[in-house]
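1. Got a predicted structure here, sequence first:
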Amino acid sequence: MFAPGVVQDLRTLAALTSTPDGAQRLAWGPVWREARRWFAERARELGVEGRTDAAGNTCYTLPGSTTETVIIGGHLDSVPNGGWLDGTLGVMAGLGALRMFKDRPRPVGITVVDWADEEGARFGRSLLGSSAASGSLNVEDVRGLVDKQGTSLPDALRDNGVDLDRMLEAHDELKKLRVRGYLELHIEQGPVLESMNKSTGVVLGTFGVERHMLRFTGQAAHSGSTPIPMRRDAFIAAAETALACREIAIRHSTPSAGVVCTVGVVRVEPGIVTAVPGVCETSLDQRALDPDVLARMLADARAASEAAARANDVTVEWRTIWRIEPRPFDSRLLALCEEAVREVTGDAPRLPSGPLHDAAEMVPHMPVVMMFAYSARGLSHCKEEDTPEPHLLKTIDAFLRLVEKVVELR
Ligand SMILES: [Zn+2]
């Protein structure tokens, strides 16, 4: 099989919507709209008209001989100074599938979805369009969001013909579809496939996330006059906890099911060089694919924080910021995905997805699977993002084979 024009399309769109600093397709802005117009034109050349739902997601459907359809998802929006493949690879592979099936008998339809505002780069809410379509969006949670220029989300949506109060109607439309499978091809955005020198990976599901703030409270004191054994140093308790959480993640990782944890924020009070920290606040972000493992990691982290607090004569309080359960993909589609990847690359490495994707929003509603492409140096959300062409061509080939397998499934 060949990858009909997909790489060329990707390069053309990148040239049209990038500056020397990278892709500039920020959701709800002029460059993004230009990208969408360009894409609509490519679909029109194949005789496929787009339809935009109440949340701003655009669907391009090649009908089949039954009402059932296969969905191929992606997103044309990017972060500012983004890469050329994040999101676009999925949409453009979908266009390749439309091209491939245009003149072939189709037992089911093929629908390419360009999700609106996957990145959340402007208003801070990721997966906006797909969460509306899946019905998980809470409109009140996003009504007050404002971008750096002071534009409110409802106003930005209105400029694009989307009414925030009607966005969830997209869910009614989704429920009407008879979906055989949802397929998404995405760049890995991490270094795992590269480290194995593999072009393509089968994605097992998206990680569940437990995200909390920990506040350690001790007593600020003079750094010269307070002997170490008499201190109540909140930072030391936080630091011991961070190291313990790292050990917990290492302990819960297996070669086939890695987990991660990150302390990304550390704030110390009073924050002067001559004072023992009286307060230290840290973030903790833990991720795993297995819900039981994630629950154990969280319980272990709590116990570790309490032990560190006791040892340093401070207190610790936990506050939940955000959590989402793991979203494992469909076992039947995983098997087909593995088959397709193996046919092209001779091997089918399986890996979880650390980042969330639109695919995760679809998991409660239909069978879902994702495929990852090799990500050079693991870099993404920057202009250096790349999949070297030999890896890219193999991955697109494998993905189109997957589409074919799902379309022809009996
Ligand atoms: Zn993406």
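-> Looks like it came in fine.
2. got the contact list for the residue in the stretch 301-410 of the chain that the ion sits nearest to?
-> Residue nearest to the ion within the stretch 301-410 of the chain (CB to the ion): residue 357, separated by 6.2 Å. For glycine as for every other residue, the C-beta is placed from the backbone atoms N, C-alpha and C. Contacts for residue 357 were tallied using CB atoms under 8 Å, 6 or more residues apart in numbering; they are 118, 127, 184, 186, 206, 370.
3. contacting residues around the second one?
-> In this structure, residue 127 makes contact with 115, 117, 118, 120, 356, 357, 358, 360, 361, judged by CB under 8 Å, 6+ apart.
4. and with 6 Å instead?
-> residue 361 (CB atoms under 6 Å, 6 or more residues apart in numbering).
5. Quickly note the distance from it to residue 233.
-> Distance, residue 127 to residue 233, by CB to CB, to the nearest Å: 40 Å.
6. for the third one, same thing?
-> With the distance defined as CB to CB, residue 184 ends up 47 Å from residue 233.
7. Compare those two (neighbour count), which wins?
-> It is residue 184, of residue 184 and residue 233, that has more neighbours when counted by other CB atoms under 10 Å, with 31 against 23.
8. Bridged to that one, which residues?
-> Per DSSP bridges, the residues bridged to residue 184 are residue 73, residue 370.
9. residues in the chain within reach of the ion, list them.
-> Residues of the chain that fall close to the ion, judged by CB under 5 Å from the ion: 86, 87.
10. Show me where the chain has its helices.
-> 6-17, 30-45, 88-101, 128-134, 139-142, 153-159, 169-176, 192-196, 234-252, 291-311, 331-345, 358-362, 389-407 (DSSP state H).
11. got the ones you listed as JSON lines, with mean neighbour count, distance to residue 279 and mean pLDDT columns?
-> Formatted as JSON lines, the helices of the chain follow (neighbours: other CB atoms under 10 Å; distance: least, CB to CB, whole Å; pLDDT from 0 to 100):
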{"stretch": "helix 6-17", "mean neighbour count": "17", "distance to residue 279": "45", "mean pLDDT": "97"}
{"stretch": "helix 30-45", "mean neighbour count": "17", "distance to residue 279": "42", "mean pLDDT": "98"}
{"stretch": "helix 88-101", "mean neighbour count": "26", "distance to residue 279": "44", "mean pLDDT": "97"}
{"stretch": "helix 128-134", "mean neighbour count": "29", "distance to residue 279": "35", "mean pLDDT": "97"}
{"stretch": "helix 139-142", "mean neighbour count": "13", "distance to residue 279": "29", "mean pLDDT": "94"}
{"stretch": "helix 153-159", "mean neighbour count": "18", "distance to residue 279": "33", "mean pLDDT": "98"}
{"stretch": "helix 169-176", "mean neighbour count": "16", "distance to residue 279": "43", "mean pLDDT": "97"}
{"stretch": "helix 192-196", "mean neighbour count": "17", "distance to residue 279": "38", "mean pLDDT": "95"}
{"stretch": "helix 234-252", "mean neighbour count": "20", "distance to residue 279": "5", "mean pLDDT": "98"}
{"stretch": "helix 291-311", "mean neighbour count": "17", "distance to residue 279": "13", "mean pLDDT": "98"}
{"stretch": "helix 331-345", "mean neighbour count": "19", "distance to residue 279": "47", "mean pLDDT": "98"}
{"stretch": "helix 358-362", "mean neighbour count": "27", "distance to residue 279": "35", "mean pLDDT": "96"}
{"stretch": "helix 389-407", "mean neighbour count": "22", "distance to residue 279": "48", "mean pLDDT": "97"}
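12. Nearest to residue 66, out of those helices?
-> Residue 66 lies closest, by CB to CB, to one member of these: helix 389-407, at 11.2 Å.
13. got the CA coordinates for that closest one in PDB?
-> Output of helix 389-407 as PDB, limited to C-alpha atoms (Å, rounded to 0.1, in the frame of the first residue of the first chain):
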ATOM      1  CA  GLU A 389      10.100  10.600   6.500                       C
ATOM      2  CA  PRO A 390      10.900   6.900   6.300                       C
ATOM      3  CA  HIS A 391       9.200   6.400   9.700                       C
ATOM      4  CA  LEU A 392       6.400   8.700   8.700                       C
ATOM      5  CA  LEU A 393       5.600   6.800   5.500                       C
ATOM      6  CA  LYS A 394       5.600   3.400   7.300                       C
ATOM      7  CA  THR A 395       3.300   4.700  10.000                       C
ATOM      8  CA  ILE A 396       0.800   6.200   7.500                       C
ATOM      9  CA  ASP A 397       0.900   2.900   5.600                       C
ATOM     10  CA  ALA A 398       0.100   1.000   8.800                       C
ATOM     11  CA  PHE A 399      -2.700   3.400   9.700                       C
ATOM     12  CA  LEU A 400      -4.400   3.100   6.300                       C
ATOM     13  CA  ARG A 401      -4.100  -0.700   6.600                       C
ATOM     14  CA  LEU A 402      -5.900  -0.400  10.000                       C
ATOM     15  CA  VAL A 403      -8.600   1.700   8.400                       C
ATOM     16  CA  GLU A 404      -9.000  -0.900   5.700                       C
ATOM     17  CA  LYS A 405      -9.200  -3.700   8.300                       C
ATOM     18  CA  VAL A 406     -11.900  -2.000  10.300                       C
ATOM     19  CA  VAL A 407     -13.900  -1.000   7.200                       C
END
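14. That one vs helix 88-101, what angle?
-> If you take axes from the mean of the first three to the mean of the last three CA atoms, to 10 degrees, helix 389-407 sits at 60 degrees to helix 88-101.
15. Name the residues that touch helix 389-407?
-> Contacts of helix 389-407 (CB under 6 Å, 6+ apart): 1, 3, 6, 70, 93, 97, 108, 181, 185, 199-200, 336-337, 340-341, 344-345, 371, 373-374.
16. got the end-to-end distance for stretch 257-266?
-> One end of stretch 257-266 to the other measures 28 Å (CA to CA, to the nearest Å).
17. Quick check: buried residues in it?
-> Buried residues in stretch 257-266, counted by 16 or more other CB atoms under 10 Å: 258, 259, 260, 261, 263.
18. try stretch 135-150
-> Neighbour count says stretch 135-150 has 136, 137, 142, 145, 147 buried, by 16+ other CB under 10 Å.
19. That one: end-to-end distance?
-> Chord length of stretch 135-150, first to last residue, is 28 Å (CA to CA).
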